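*Asks:* With the input below, show me the fold.
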Amino acid sequence: MPQHIHKHHEGEMFHHHHHHGEVSEKSVKLLLLSFVINMGLSAVEIIGGVIAGSVALIADALHNTSDALSILIAVVAFKIGHRKANDKYTYGFKRAEVIGGFVNLILLFISGVYLLTEGIGRLIAPEPIDGLMIVWISVLALVIDTATAKISHHDAAHNSNMKMVFIHNLADALGSVGVIVSGLCVVWFGIYRIDGIVALMIAFYMIAQAFTSFVPLVNILMNAAPDDIDIDKVKKSLCAIKGVKGVHHIHIWSVNEHDVSLECHLEAEDLSLVAEAGKVLKKKFNIHHSTIQLEKDGDCCEKCVL
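*Replies:* This next block holds a predicted model:
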């Protein structure tokens, strides 16, 4: 009869995830503060845009509002992701951050398309604006956007949600620089079209980043095997264990960006080989969570071929 063995190095997996995937509680609190500040900045930009007659500043305010909402989504996703598993969600809520990152990616793309249309519009029909007021408000926006980007930059390298927040705010900072340049061009030279050019550059950057981040997130949501794990190599490594006669029904998937799970059928007589297989998976492939079904000779449909 087949035997189901669940091999899970719980303490080690948590330790690994904490250092490479989790976002600190301090970062989450700073992000929440950033959300409040950015919403206040958006209100200032909208009021300033109306007074100065600047469509560019109003557009930047709407874009900043979108980014502030992306921060709020990230914070909510982090909070949900830390909830414990229950009878319904047996894997826990770790994938909430991936879903949050995907929603942020969509917002990033929509913001990019919006700025693209605005930039084209400003190139075709530039409008007179109060350059000096725009410069001062944009300097304030640049300071806030840079500070927010710095908060998310630390965790952006290993967390897609934080990466989306970082890209949003970096684009905001670049947008603020662009608006400052546009305002100065208006004050000094009376040139209006440069505002549209800067908007187009930022729009292309945002859209490109959205496309680049799309596939990795979709792969996780579709339970795809991680790119750095070769299933054939996993099978050969398990078959190389003395006493293992066959391996089949291998499934490898990512629970989130950093936790990888595996399940397979192992043909062997010795129960201790399951523990050995778990060590091989951990050492060679960094797979800390494996479910192995042990089968006796004759039950397995695929033999080891090394």
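*Asks:* And the helices in the stretch 51-200 of the chain?
*Replies:* Secondary structure of the stretch 51-200 of the chain (DSSP state H, counting those that start in this stretch): helices at 55-81, 96-124, 131-156, 160-189, 194-221.
*Asks:* could these go into TSV alongside distance to Ala277, mean neighbour count and mean pLDDT?
*Replies:* Where you see a C-beta, it was placed from the backbone N, CA and C, and this is true even at glycine. TSV is the format used below for these (distance: least, C-beta to C-beta, whole Å; neighbours: other C-beta atoms under 10 Å; pLDDT from 0 to 100):
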stretch	distance to Ala277	mean neighbour count	mean pLDDT
helix 55-81	30	22	77
helix 96-124	28	20	83
helix 131-156	34	20	82
helix 160-189	30	23	80
helix 194-221	25	18	82
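*Asks:* Throw the ones you listed into a markdown table and include distance to Cys239, thanks.
*Replies:* Output for the helices of the stretch 51-200 of the chain, formatted as a markdown table (distance: least, C-beta to C-beta, whole Å):
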| stretch | distance to Cys239 |
| --- | --- |
| helix 55-81 | 36 |
| helix 96-124 | 32 |
| helix 131-156 | 39 |
| helix 160-189 | 34 |
| helix 194-221 | 26 |
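*Asks:* And Asp232, which helix or strand is it part of?
*Replies:* helix 231-239 (DSSP states H and E).
*Asks:* what mean pLDDT would you report for that helix?
*Replies:* Throughout helix 231-239, pLDDT has a mean value of 89.
*Asks:* export it as CSV, just CAs?
*Replies:* Output of helix 231-239 as CSV, limited to C-alpha atoms (Å, rounded to 0.1, in the frame of the first residue of the first chain):
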residue,chain,number,x,y,z
ILE,A,231,12.3,19.0,-12.7
ASP,A,232,14.5,16.5,-14.6
LYS,A,233,17.4,17.3,-12.3
VAL,A,234,15.2,16.9,-9.3
LYS,A,235,14.1,13.5,-10.5
LYS,A,236,17.6,12.3,-11.3
SER,A,237,18.8,13.5,-7.8
LEU,A,238,16.1,11.5,-6.1
CYS,A,239,16.8,8.4,-8.3
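*Asks:* helix or strand right after that helix?
*Replies:* With elements assigned by DSSP H and E, the helix or strand that comes after helix 231-239 is strand 246-254.
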